[in-house]
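Novice: model this:
(chains A and B)
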Amino acid sequence: MGTFLRAVADGVLEGGVYGLMAVGLTLIFGVLDIINIAQGIMVILGAYLSYVLWTHLHIDQFVGLLITVPAMFILGVAIQFLFIRPLRGRERTSMSLLACYAVAIIIEGVLYQRFGSNYVSYTTYWNSPRATLDIGGYYLPYIYLAGFALAVLLVVAIYWTLYRTQFGRSIRATMQDHTAARLVGIDVNRVAALTFGIGVAVTAVGGMVFGTLNAFNPNTGYDLISRLLAIVILGGLGSIGGALGASVLVITLASLVDVYWNPEWSTVVFYGAMVLVLVFRPQGLFGRKEARAQ
Amino acid sequence: MRPATIWRVVGLVLLVAAAAVIPLAKNVTVTHVGVFVLLYVGSAVAWNIFSGFTGYISLGAAVFFGVGVYTVALLSKHLNLVGGVVFALYPVAGLVAAAVAVPFGLVALRVRRHTFVVVTIAVFFIFQLMAYNFSWTGGATGIFPPFLNWDPNTFDMPFYYTALLIAVGAAVLAWAIWGSRFGLQLRAIRDDEDRARGLGVKTMRVKLAAFVISGFIIGMLGGLYFYFQSEALPEYAFNPFFDLTIALMAFLGGFGTLSGPIFGALLLEPYLGYAQFQISNAYLSEAVLGALFLVVIILLPRGILPTAAEKLTAWRAAWERRSAAPAGAAVGPAGAGPPVDAANTSAAGTGAPGTGSAR
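Specialist: Predicted structure coming up:
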């Protein structure tokens, strides 16, 4: 029973972090109607940024977010401006996907060039053995809690922005109908660029937590993006609550497989769940039907 | 025959003749790269038969390739096959890949657009994971073929000519499909799937058939790859770059056209082969490939050949208008058939003015 609870706790806490990355992905999809395949490698880029700040400047990775989050935001806006916005015509959606893929392999190539293919893991206060919370013999690392708390905080902030501010209203209007949003005076291009920036900026946080918890190299990006894609498809593309729910659900499941069966096969849980859902419920667990009927 | 058809026959014959002569130079590097070029030509054409004609972008073609590789690898390992029989294994590899394509397609083709792309990527990762983790695939160490004690100077030759045969076969098949009832159904799906279904096209069956055909061809090429490269490793048999590269080739030449993927592969693969030999830094060439992809997508979104054909048609129409200004009313731009196949007739005919000016 102890193992079970532990696996569930790990799954929920880690699921929150994955949820944050997936929310960025699904937000971008909802507004721009593209899937940012580069999200996985951007998480790894965020992890490397935090790592570099720590090893070279000894900046604590939580403080470093003050630098990495704006940096990733600017990167996202730049990518949208340079490579996504010029796309026109009826192949636009497929093209945007390929453009994101191209961005991903450029980032991957640059990361390999700069850091090589060795796995990176680094120890700071946050993942040192003393930074753990003792709950009746079960040691919970602070980083799990802090990462989870930060992820929840950010998701709440995104929710608040979406539902309580003028900017959020224009994002939701753009999600519903581009043309109508433009007609009522919303600068759709600006909304798209900022949304892409926000969706990419969260990878700085996700990458920081991921990099502190796991060893990573540029190739890890593939692993991440395949998990994130399975999560957003499971949750229903474009549904923010769905992305959160699905990530907590699937990561917990994977963590159980990890404990009771074999870590190598836990990834299969993602895909297995995704294929099953697609066969029986193509719009995803929490998705609306019309979102898929395009 | 229409002029366009004659041009195509002449072009194809010239290409095949040139390709058949190249190995006579007896340069091992050239034939080695040549095999890869033909492998990619065949794969890009096969990919285009499904993705280009239907508009469903699949990034899971490497599944078929890898299944082909592992089929031949397992057969050769357990039966210890050497000699000419090796080439009889290609169709087997193709058939196994086609058999995999059926359930793959039945799941993936239920969804469209983004979701389809994502599902193909996911299925691809499932297969790569299986190749890594099952014991009978050899895991990360892979499978190596029994030693072929052929003369190293002419080792590539049989692979070269069989690859040429498959590539030409794929191109001819694509051509035959293009104008057939089946091809028209595929292109109707690309233009408007719901309307095509409304007109009585059995969309699922048609899509699946094209998916399986493209899987068969790519599977055969995977079978070829195994003895040629003498290895079946999970990261190379199920290689995400394979998917990206053939998509880039098709987009570079002209997505959904007949000659586009051939042109794109002939243009791109020699560079990639060269980069592999000359640029010792694989990561740099990876970043260059990505940058190239972005340039193609932004500047030539419909590919080189359709864009060139469009320019040529516009230029010719302008010229005709100038030379026969009073009587030229009946000669519209659509009347003068471009010598190279236009991307897709509907886009060139109906959407060209709007989309063209926006670009």
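Novice: these two touch, right, residue A:8 and residue A:252?
Specialist: Yes - in this structure, residue A:8 is within contact of residue A:252 by CB atoms under 8 Å, at 5.7 Å. The way it works is simple: take the backbone N, C-alpha and C, and place the C-beta from them, glycine included.
Novice: Skipping adjacent residues, who's closest to the residue in the stretch 51-200 of chain A that chain B sits nearest to in space?
Specialist: Going by CB to the nearest CB, chain B is nearest to residue A:109 of the stretch 51-200 of chain A, at 3.1 Å. Leaving aside its sequence neighbours, residue A:109 sits nearest to residue B:287 (CB to CB, 6 or more residues apart in numbering or on different chains; 3.1 Å).
Novice: near chain A, which residues of the stretch 1-150 of chain B show up?
Specialist: Counting by CB under 8 Å from any CB of the partner chain, the positions of the stretch 1-150 of chain B adjacent to chain A are B:55, B:57, B:59, B:107, B:110-115, B:117-119, B:121-123, B:125-126, B:129, B:132-133.
Novice: just for chain A, where's the confidence low?
Specialist: Residue ranges of chain A with pLDDT under 70: A:1, A:89-91, A:129-131, A:136-137, A:264, A:282-294.
Novice: Got phi/psi on the residue most central in space within chain B?
Specialist: In chain B, the residue lying closest to the centroid (CA atoms, centre = their mean) is residue B:44, at 1.0 Å. Dihedral angles of residue B:44 (phi, psi; degrees, to the nearest 10) stand at phi -70, psi -40.
Novice: Go ahead and confirm it touches residue B:242.
Specialist: No - using CB under 8 Å, residue B:44 is not in contact with residue B:242; the gap is 10.5 Å.
Novice: So the closest residue to chain A within the stretch 151-300 of chain B: helix, strand or coil?
Specialist: Of all residues in the stretch 151-300 of chain B, the one sitting closest to chain A is residue B:287 (3.1 Å; CB to the nearest CB). What DSSP: H, G, I helix; E, B strand; the rest coil gives for residue B:287 is helix.
Novice: doesn't residue A:102 make contact with it?
Specialist: No - checked against CB under 8 Å, the pair residue B:287 and residue A:102 is beyond contact range at 9.8 Å.
Novice: between those two, which one's more packed in?
Specialist: residue A:102 (26 against 20; other CB atoms under 10 Å in any protein chain shown).
Novice: counting contacts, what elements does the helix or strand that contains residue B:309 pack onto?
Specialist: Taking DSSP states H and E as the criterion, residue B:309 maps to helix B:304-323. Where contact means 3 or more CB pairs under 8 Å, 6 or more residues apart in numbering or on different chains; DSSP states H and E, helix B:304-323 is packed against helix B:240-253, helix B:260-278.
Novice: for stretch B:231-242, how far is the first residue from the last?
Specialist: 16 Å (CA to CA, to the nearest Å).
Novice: Say whether chain A is contacted by it.
Specialist: Yes - Stretch B:231-242 reaches chain A (CB under 8 Å from any CB) through residue B:240.
Novice: Is residue A:134 in a helix, a strand, or coil?
Specialist: Classified using three-state DSSP, residue A:134 is strand.
Novice: And the residue nearest to residue B:120 when sequence neighbours are not counted, its phi and psi?
Specialist: Excluding its sequence neighbours, the residue lying closest to residue B:120 (CB to CB, 6+ apart) is residue B:60, at 3.2 Å. In terms of degrees, to the nearest 10, the main-chain angles of residue B:60 are phi -120, psi 20.
Novice: Would you agree residue B:60 is in contact with residue B:124?
Specialist: Yes - in this structure residue B:60 lies within contact range of residue B:124 using CB under 8 Å: 4.5 Å.
Novice: Enumerate every residue touching the residue of the stretch 151-300 of chain B closest to chain A.
Specialist: The contact partners of residue B:287, by CB atoms under 8 Å, 6 or more residues apart in numbering or on different chains, come to A:105, A:106, A:108, A:109, A:110, A:113.
Novice: ok, now with 7 Å
Specialist: A:106, A:109, A:110 (CB atoms under 7 Å, 6 or more residues apart in numbering or on different chains).
Novice: Show me which helix runs longest in the chain.
Specialist: Unless you meant another one, I'm taking chain A. Looking across chain A with DSSP state H, the single longest helix is helix A:2-32.
Novice: looking at chain B here, not the other one
Specialist: Chain B, longest helix under DSSP H: helix B:203-229.
Novice: how about the helix or strand following that one: buried residues?
Specialist: Next in sequence after helix B:203-229, counting helices and strands by DSSP H and E, comes helix B:234-237. Neighbour counts over helix B:234-237 (16 or more other CB atoms under 10 Å in any protein chain shown) mark B:234, B:236, B:237 as buried.
Novice: can you check stretch A:38-55 too?
Specialist: Result for stretch A:38-55 [16+ other CB under 10 Å]: buried residues A:38-54.
Novice: Next: stretch A:241-248.
Specialist: A:242, A:243, A:244, A:245, A:246, A:247, A:248.
Novice: Send over that stretch as PDB, restricted to the C-alpha atoms.
Specialist: Output of stretch A:241-248 as PDB, limited to C-alpha atoms (Å, rounded to 0.1, in the frame of the first residue of the first chain):
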ATOM      1  CA  GLY A 241      -8.700  21.900 -18.100                       C
ATOM      2  CA  GLY A 242      -8.500  18.700 -20.200                       C
ATOM      3  CA  ALA A 243      -4.700  19.000 -20.600                       C
ATOM      4  CA  LEU A 244      -4.300  19.400 -16.800                       C
ATOM      5  CA  GLY A 245      -6.600  16.500 -16.000                       C
ATOM      6  CA  ALA A 246      -5.200  14.200 -18.600                       C
ATOM      7  CA  SER A 247      -1.600  14.900 -17.500                       C
ATOM      8  CA  VAL A 248      -2.200  14.100 -13.900                       C
END
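Novice: Please see if it touches chain B.
Specialist: No - contact of stretch A:241-248 with chain B (CB under 7 Å from any CB of the partner chain) is absent, the minimum separation being 13.6 Å.
Novice: quick one: what helix or strand has residue B:257 in it?
Specialist: Per DSSP H and E, there is no helix or strand for residue B:257.
Novice: tell me, how many neighbours does it end up with?
Specialist: Counted with other CB under 10 Å, residue B:257 comes out at 27.
Novice: Repeat that for residue B:6.
Specialist: So residue B:6, with other CB under 10 Å, has 11 neighbours.
Novice: do the one 4 residues further on as well
Specialist: The burial metric for residue B:10, expressed as a neighbour count using other CB under 10 Å, is 10.
Novice: other SSEs contacting the helix or strand hosting it?
Specialist: Element membership of residue B:10, judged by DSSP H and E, is helix B:3-21. Applying 3 or more CB pairs under 7 Å, 6 or more residues apart in numbering or on different chains; DSSP states H and E, we find helix B:3-21 packed against helix B:156-179.
Novice: tell me the average confidence for the helix it packs on?
Specialist: Helix B:156-179 comes out with an average pLDDT of 87.
Novice: what would the contacts of residue B:287 look like in CSV with neighbour count and secondary structure?
Specialist: Listed next are the contacts of residue B:287 as CSV, based on neighbours: other CB atoms under 10 Å in any protein chain shown; DSSP: H, G, I helix; E, B strand; the rest coil:
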residue, neighbour count, secondary structure
A:106, 20, helix
A:109, 23, helix
A:110, 18, helix
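Novice: Output these as CSV; include the columns distance to residue A:98.
Specialist: Output for the contacts of residue B:287, formatted as CSV (distance: CB to CB, whole Å):
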residue, distance to residue A:98
A:106, 13
A:109, 16
A:110, 19
